[in-house]
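Undergrad: my questions concern the predicted model and sequence given below.
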Amino acid sequence: MNDKARTMVLASFVADSLALGVHWIYDVHRIEKEFGRLDNPLKPGPDSYHATKDKGDFTHYGDQAFVLLESVAAKGKFDPEDFSARWRSLFKDYHGYFDQATKGTLQNLSLGKSFQDAGSPSNDLAGASRIASLVFCYRDDLDNLVEASRTQTRMTHNNALVIAGAEFFARVCWKVLKGASPISAMTDVTREKFQKTPLSDWVRQGVESRKQESVPTILRYGQTCHVDEAFAGVVHLIAKYEEDLKEALTQSVMAGGDSAGRGMLVGMVLGAHLGSENLPAAWLSGLKKGETISNLLDELGLKQKA
């Protein structure tokens, strides 16, 4: 259990780093022609949204997920006020990309809104992609896991479907860590909590497409950050590569667009299912903050045992 819980977190961070080099390139033919098969991290080019970053770094999504992990490790639990303070500090002198969700949330905070109410209305699924450390923290406490996952998402992405997406993947990971297969976990969570919602349709589409090629399938669903495009693609990758974490994350990157937000959720679920043996050692060793992440997980584990 602990190996898979740790791998869940590490695989989510690795997925973000793997996507960094070509993040938000939508032309899949360009990706294939210029970069070939992207199964190793890559330094972003000068025309990238992440030109200030280097190989082994994170996108702005991964940086926020890292701040969340730092907060949870320091407090031994999810403390929204502490997370908000660390999140704001991250962006004070940030040498990276500011997306619209970040800009909107920072503006709302500057206008005096509380951290509970300052979240932008962004419908980017990436707001739900940060939650791996929360699943690690509350892997034996489903109610608190759901509440923490929904709250952290709402703090920057106050959109009902994105918040529901965070709850969905939190519940899926909780089941997977308890021994369920990813496909059965996704279908069970949908039946138990999300019937007659858009998520139900997206899960059905993603699971049913698992025998199709990934790049054209994700192109058909949509490559953007928006939840109504990204969700089915995440489900497709989890279902198609249920036993192959490396290929799932590689195909996510090859599909272009928001491969970072998409990959973080895929890595989280499949890492929880497959454990460390399926996480390429080169990917982990190339992660600049990999050792720090492991130390923070140790710190959190010790606080939970105390």
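TA: Looks like it arrived, so ask away.

Undergrad: which strands and helices lie in contact with the helix or strand of the chain with the lowest mean pLDDT?
TA: Every helix and strand in the chain was compared by mean pLDDT, DSSP states H and E; the lowest is helix 290-305, with a mean of 92. On a contact count with 3 or more CB pairs under 8 Å, 6 or more residues apart in numbering; DSSP states H and E, helix 290-305 meets helix 2-19, helix 60-75, helix 132-137. Any C-beta I mention is one placed from the backbone N, CA and C, and that applies to glycine too.

Undergrad: how far does that helix sit from the chain's center?
TA: 19 Å (CA atoms, centre = their mean, to the nearest Å).

Undergrad: in it, which residues are buried?
TA: Under the neighbour-count criterion of 16 or more other CB atoms under 10 Å, helix 290-305 has 290, 293, 296-297, 299-301 buried.

Undergrad: ok, R150 to L300 distance?
TA: 20 Å (CB to CB, to the nearest Å).

Undergrad: let me redo that: A248
TA: Between A248 and L300 the computed distance is 26 Å (CB to CB).

Undergrad: cool, and A132?
TA: 12 Å.

Undergrad: R171 and A15, how far apart?
TA: For R171 relative to A15 (CB to CB), the value is 20 Å.

Undergrad: between the two, point out the one with more neighbours.
TA: Per other CB atoms under 10 Å, whichever of R171 and A15 has more neighbours is A15, with 31 against 23.

Undergrad: ok, the more buried one - contacts?
TA: A15 is in contact with 249, 252, 260, 263-264, 266-268, counting by CB atoms under 8 Å, 6 or more residues apart in numbering.

Undergrad: kindly recompute the last result at 7 Å.
TA: For A15, the contact set (CB atoms under 7 Å, 6 or more residues apart in numbering) comprises 249, 263-264, 266-267.

Undergrad: state the pLDDT value of it.
TA: Here, the pLDDT recorded for A15 equals 98.

Undergrad: against N108, how distant is it?
TA: Taking CB to CB, one finds A15 at 29 Å from N108.

Undergrad: could you do E242 as well?
TA: Relative to N108, and taking CB to CB, E242 is found at 40 Å.

Undergrad: and if you look at V14?
TA: In terms of CB to CB, V14 sits 32 Å off from N108.

Undergrad: between these two, who's got more neighbours?
TA: V14 (29 against 18).

Undergrad: pretty sure the more buried one sits against L287.
TA: Yes: when contacts are counted by CB atoms under 7 Å, V14 is listed as touching L287 (6.0 Å).
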